[in-house]
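>>> Build the 3D model from these lines:
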Amino acid sequence: ENTNTTRKTTLQEPVSWDVHYQRLVEFRKLHGHTLVPKRSSSLGVWVDKQRQRKDRLNKERIRLLNEIGFCWTVPHEQAKCVAWWNRLRDVQQTLIRHQEQQEQSLDSQPLSFDALLTPSQLVWLRRQRVNYEESKLDQRQIDALNELHPGWWKTARERQWDLQYQELQKYKQKHGHCNVPAAYKNKKLANWVQTTRKKYRYTKYRQQTLSQYSKLTKEQIRLLDDIGFVCDARGFFQDFDYP
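You can find the predicted model right below:
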């Protein structure tokens, strides 16, 4: 009996999956990622086994691992994964810093999203847009970028368009229509409306000869239609259908 008791006390109980998972959660809180070195501890060994056994893990465990940004890539791709999150964190810190400066300076005009970032950060964001269009980003990366800015995937030109669209919405709320006069006090909005009318006609009816880069997107056309935008006060194009 004494021998059996000794054996029971010396043998270690196997650590459950849930315990290892909680240790990984704590590791991520401390380091910002889940790339535990394999030889550093039993947790590293466990993490490596999860990658190897991904096809045999149940859906719930895969979901839990994905929730904390588990990196399923092989070791030689881990550096790239860490670099991506470090780059995102760098952009986040830049935005937070500018936000704090903005709150301290009440008289300053708010800067656009693009004006807040460095040229290299803007290049990185453009690269993520390409990766997004080519389905190279996982859902956690997409969610993180959406938290960064709701229009992160748009070009600077498209974000500028959104700002003027918001001004047009304000104009309609005040005046009941979107027919901004050419001589309106807000010259920027007046010029934008005139230009947008030309782009609208070119995109929807091919009436204008403009460059490919001057076309409106289908989403922009929809937004303009939603607020009753008039591309031609004479109504010449109202009977045409947009393909």
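>>> low pLDDT regions in the protein?
Regions of the chain meeting the criterion pLDDT under 70 cover residues 1-14, 40, 74-78, 106-112, 206-214, 233-243.
>>> which residues sit in contact with Arg63?
The contact partners of Arg63, by C-beta atoms under 8 Å, 6 or more residues apart in numbering, come to none. In this view, the C-beta of every residue, glycine as well, is placed from N, C-alpha and C.
>>> Next, Asn177: secondary structure please.
You called it Asn, but residue 177 is His. Classification of His177 by DSSP: H, G, I helix; E, B strand; the rest coil places it in coil.
>>> Skip the chain neighbours and tell me the closest residue to it.
Nearest residue to His177, sequence neighbours excluded (C-beta to C-beta, 6 or more residues apart in numbering): Gly228, at 6.9 Å.
>>> Report the separation between that neighbour and Tyr171.
Applying C-beta to C-beta, to the nearest Å, the value for Gly228 to Tyr171 is 12 Å.
>>> So in this protein, which helix runs the longest?
Of all segments of type helix in the chain, defined using DSSP state H, the longest is helix 75-104.
>>> which secondary structure elements does that one contact?
When contacts are defined as 3 or more C-beta pairs under 8 Å, 6 or more residues apart in numbering; DSSP states H and E, helix 75-104 sits against helix 113-116, helix 119-133, helix 139-148.
>>> pretty sure Ala183 contacts Asn191?
No - under the criterion of C-beta atoms under 8 Å, Ala183 makes no contact with Asn191, lying 11.1 Å away.
>>> In terms of neighbours, single out the busier of the two.
Asn191 (14 against 7; other C-beta atoms under 10 Å).
>>> any idea which element Lys204 lies in?
Element membership of Lys204, judged by DSSP states H and E, is helix 187-205.
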